[in-house]
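Novice: Fold the following, please.
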Amino acid sequence: MSDRDESGSGGFVAGLLVGALLGAGAALLFAPEKGEHLRRRLGRRIRRTAEDAREALEDTASDVRKEVARRRRDLGRSLGV
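Specialist: This is a model prediction of the structure:
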């Protein structure tokens, strides 16, 4: 995979999560439900989406740390360090 592809995956995930959040919010707001029930459902959906975003961010951060470590090792080998 090229560097361009790797850096774009985090943006794609972020866009996907934002789109899911906006879509869920719009669907709930336009659904014919009572206000209190709607607010509870919307709150649960927002919390789930936030947790999914946190997990995706943690996974991406872990991948980045691993890649940085690998590249440092490769650079050290190239320089004979």
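
Novice: Tell me the confidence at residue 42?
Specialist: Model confidence at residue 42, given as pLDDT, is 81.

Novice: Just the element for it, please.
Specialist: helix 35-79 (DSSP states H and E).

Novice: Name the nearest residue to residue 9, sequence neighbours excluded.
Specialist: residue 60 (7.6 Å; C-beta to C-beta, 6 or more residues apart in numbering). (Each C-beta comes from the backbone N, C-alpha and C, glycine too.)

Novice: List the contacts of the one you found.
Specialist: 9, 10, 13 (C-beta atoms under 8 Å, 6 or more residues apart in numbering).

Novice: Narrow those to just the buried residues.
Specialist: Listed as buried from the contacts of residue 60 are 10, 13; burial here means 16 or more other C-beta atoms under 10 Å.

Novice: Which strands or helices does the strand or helix carrying residue 23 pack on?
Specialist: Residue 23 belongs to helix 3-30 when assigned by DSSP H and E. Judged by 3 or more C-beta pairs under 8 Å, 6 or more residues apart in numbering; DSSP states H and E, helix 3-30 is in contact with helix 35-79.
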